[in-house]
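Enquirer: Sequence below, structure please.
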Amino acid sequence: KLVKHGLIGGESKPDAVTVAELIERFEADPSWALKAPGTRRNLRQVHQNVIDCYGAETPIDSITPAAGTAFTAWLATPKPKGGGYKESTALSRGPRAKTLFTFAVGSRLIAENPLSGVKGGSRPTEDTALIGPEKYAEVMALLVGTETRLAFALNRYGGFRCPSELRPLRWADIDHKRGRLLNPSPKTGDRLVPIFPELVEPLAARRAEAAANDVLILPGFAALGESAYYNRVARALKKAGLPKWPRLSHNLRVSRQTELVNEGWPTFKVCQWLGNSPKQADAAYLKVSDDDFAKASAP
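Expert: Have a look, this model is predicted:
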């Protein structure tokens, strides 16, 4: 169907690599195993999108720049004609698909990247929400179990990505004497996080309940599905009469990073604790709150 609209070329080299073969080679490359599990999962979703858009057996050298530029628009087009995704999802997946074809260029499978014109973009403001201490405390009081409560605290006040950075966390990673906690992040590598005052009580409650020979702080999270944590928090939100928070784990981290910077901590230190860069913080983490407007407009 894309050939009909001039987006896929009608002719191709007899030995041209297909979309499916390109994806197979990309995921077989040694660099694939070095990516974090969450990154691999997200890329597989994008790879399926590429197949759905262009076709598994389509030769990659027949995909025109026009077809590449149209990929993000296809993602945001309602089904069955498109991917049926929100604009925010389409904006984030376009650049990820581009890396697949960058690999093809580097492997000399094609001369140029047909998705070179694909641009990313910021998520709409409705996808971000600052979650203040009052709402946090309201939901925290309704969460059941020391593991879930500690996970929520580490997500909001420790800036941990949830659940990926919680699964490997060990009791041996805590240094109470120096007031720090080692985050063995599969995404950024090991990084040290202060034991903020808000983490002390949830950590102590979890320690009191844990078995003496427990290695992991949150053993229940080791095999926990991606949605289980979010469902637990969603139930607490419903009980509290609060609307569902979008992008839960990310926005809890957004709230903490914004809060720490507003408290006067230098951005580079906060970025080290949360595992991102100042550039990422400016683009996707630091937000202006209603309180900021109120303070700025006060006489």
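Enquirer: where do the helices sit along the stretch 151-299 of the chain?
Expert: Under the criterion DSSP state H, counting those that start in this stretch, the stretch 151-299 of the chain contains helices at 197-209, 226-240, 248-262, 267-274, 278-284, 290-297.
Enquirer: quick one: terminal-to-terminal distance for stretch 66-81?
Expert: By CA to CA, to the nearest Å, the extent of stretch 66-81 from end to end equals 17 Å.
Enquirer: okay, P14: pLDDT?
Expert: Note on P14: pLDDT of 64.
Enquirer: one step back: go through the helices of the stretch 151-299 of the chain and pick out the most buried.
Expert: Greatest average neighbour count among the helices of the stretch 151-299 of the chain goes to helix 248-262 (a mean of 21), per mean count of other CB atoms under 10 Å. The way it works is simple: take the backbone N, C-alpha and C, and place the C-beta from them, glycine included.
Enquirer: Just the CA atoms of that helix, as PDB, please.
Expert: Written as PDB, here are the backbone C-alpha positions of helix 248-262 (Å, rounded to 0.1, in the frame of the first residue of the first chain):
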ATOM      1  CA  LEU A 248       3.700   7.500  37.500                       C
ATOM      2  CA  SER A 249       7.300   6.600  38.000                       C
ATOM      3  CA  HIS A 250       8.700   9.300  35.800                       C
ATOM      4  CA  ASN A 251       6.500  12.100  37.400                       C
ATOM      5  CA  LEU A 252       7.500  11.100  40.900                       C
ATOM      6  CA  ARG A 253      11.100  11.500  39.800                       C
ATOM      7  CA  VAL A 254      10.200  14.800  38.100                       C
ATOM      8  CA  SER A 255       8.600  16.000  41.300                       C
ATOM      9  CA  ARG A 256      11.700  15.100  43.300                       C
ATOM     10  CA  GLN A 257      14.200  16.700  40.900                       C
ATOM     11  CA  THR A 258      12.200  19.900  40.700                       C
ATOM     12  CA  GLU A 259      11.900  20.000  44.500                       C
ATOM     13  CA  LEU A 260      15.600  19.500  45.200                       C
ATOM     14  CA  VAL A 261      16.600  22.200  42.600                       C
ATOM     15  CA  ASN A 262      14.100  24.600  44.200                       C
END
